[in-house]
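> Task: produce atomic coordinates for the following.
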Amino acid sequence: MITFSNILNIYYANNKIKLGQYKSKHWKINYGEKFKKLTKNKIENFRNNYLSKGLDDSYYSQNVQKKIYFDALKKLGKSFITSNLNKKNIGNLKNFYSANNSKIDINELFHIFWLYYLKKFLKNIKIICEIGGGYGSFAEKIIKNYNCKYILIDLPETNILSSFYISKNFPKKKIYLAHKKKDFFIDKKILSKYDIFIIPPWYSFKDFKVDFFINTRSFMEMEKMVVENYFKLIHKFISKNGFFLNINRYKKKSVKEPIFFHQYPYDRNWSAIYSHSSWMQKHCHFLLTQRTINKSNEMALELNRIKKLGIINSFVVDRIFFKNIIPRIIYRNLLKIRRSLILYKIYNFVKSILYSTKK
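Numbering: from 1, shown residues only. As a prediction, this is how the structure comes out:
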């Protein structure tokens with residue numbers, strides 16, 4: 001059984017290691033002093049005391065949450081949403097949207113939506129590795145639905161939250177928490193003894209392959225060299241016909257240099273399955289690819305298409321974000337002005353052409 005004392009001791013041990021390249025400027029600022037004086041109460045309430053800030057989409061207003069929920073309801077159906085909502089409220093979230101006698105966690109809705117897209121590809125998957133998995137919400141959805149080994153890689157501050165969240169959700173699962181002072185790796189022997197692995201970024205893999213890699217909205221907050229190293233990991237350890245889900249912004253500048261989606265270093269052995277702007281977050285791209293034996297120019301062409309789509313989306317206001325922070329009357333007037341602009345009409349025309357090429 002994993003205790004709070006176990007989690008805290010491992011966190012402090014891992015945090016003594018020089019994080020250097022692993023912790024970008026973005027996360028040095030985001031984490032700040034928040035994790036310096038941790039208590040059990042702080043961890044138990046991590047979703048309402050800003051410990052999960054930057055890892056959580058639960059900050060939306062009630063009006064925006066309502067819009068997101070009803071759009072998800074229309075696209076996914078009530079049954080799929082209800083069956084995948086977490087009923088435990090680990091982290092003690094307070095900003096819920098209430099509907100049909102249920103408390104709707106909007107952050108979960110994004111993960112449920114992604115799960116809906118992936119469900120037919122996850123059926124026979126044995127090993128999943130999520131890079132930058134946050135506090136473990138998306139992992140929880142997959143683990144609950146599929147019998148697989150799950151590896152979470154993240155910074156020590158995030159791992160303390162995911163260790164707490166995952167252990168509370170799956171008390172009967174065997175969970176490996178990174179504790180080594182040397183030999184930072186996972187091999188087949190260790191893999192056979194546990195179900196879930198929560199490790200820092202300096203760990204490596206040995207003698208096994210991963211069937212499904214995932215990165216959702218964290219490559220965009222890493223230094224370019226770290227992203228390149230993760231792609232090397234993916235290319236080396238992905239299984240034959242394995243999958244890679246990549247959901248990140250078209251462009252983000254919160255580290256030393258701008259990180260562009262279209263510059264991610266995919267090699268030539270990939271085929272795109274889904275490629276489109278992400279649901280309810282049009283500034284992000286949703287790209288699901290599958291490993292191929294034969295080399296081709298498909299990914300180069302797809303990344304070029306994503307580059308064009310990113311340029312177009314750079315002119316678009318993120319409606320949800322701005323609707324959440326400015327008065328409604330101002331927001332509505334801005335929409336009226338924008339709809340009248342010729343540029344907006346051109347944007348819709350070009351976007352419809354781009355979307356028609358890859359759904």
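
> Test my guess that Phe212 contacts Leu122.
Yes - counting by C-beta atoms under 8 Å, Phe212 does reach Leu122; the two are 7.0 Å apart. C-betas here are computed from N, CA, C, even on glycine.

> between the two, who's got more neighbours?
Phe212 (24 against 16; other C-beta atoms under 10 Å).

> roughly how far apart are the more buried one and Phe237?
Look at Phe212 and Phe237: by C-beta to C-beta, to the nearest Å, they are 11 Å apart.

> Find residues that contact each of the two.
Cys129 (C-beta atoms under 8 Å, 6 or more residues apart in numbering).

> which stretches of the stretch 51-200 of the chain form strands?
97-99, 102-104, 127-131, 149-153, 175-177, 185-186, 196-199 (DSSP state E, counting those that start in this stretch).

> and the ones you listed as TSV, adding mean pLDDT and distance to Asn15?
Listed next are those as TSV, based on pLDDT from 0 to 100; distance: least, C-beta to C-beta, whole Å:
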stretch	mean pLDDT	distance to Asn15
strand 97-99	90	35
strand 102-104	88	34
strand 127-131	98	19
strand 149-153	98	16
strand 175-177	96	14
strand 185-186	95	20
strand 196-199	97	14
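
> Which of the ones you listed sits closest to Arg249?
Comparing these by their distance to Arg249 (C-beta to C-beta), the top pick is strand 127-131, with 15.8 Å.

> which neighbours does that closest one have in its sheet, and in what orientation?
Sheet pairing for strand 127-131, assigned by DSSP bridges, gives strand 149-153 (parallel), strand 210-216 (parallel).

> List of residues touching the shortest one?
Contacting residues not belonging to strand 149-153 are listed as 126-133, 136, 139, 142-143, 159, 162, 166, 186, 191, 194-201, 203, 210 [C-beta under 8 Å, 6+ apart].

> Name the residues of that strand that come out as buried.
Using 16 or more other C-beta atoms under 10 Å as the burial criterion, the residues of strand 149-153 that qualify are Lys149, Tyr150, Ile151, Leu152, Ile153.

> possible to save the residues you listed as JSON lines with distance to Ser277?
As requested, these are exported to JSON lines (distance: C-beta to C-beta, whole Å):
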{"residue": "Lys149", "distance to Ser277": "31"}
{"residue": "Tyr150", "distance to Ser277": "27"}
{"residue": "Ile151", "distance to Ser277": "28"}
{"residue": "Leu152", "distance to Ser277": "26"}
{"residue": "Ile153", "distance to Ser277": "26"}
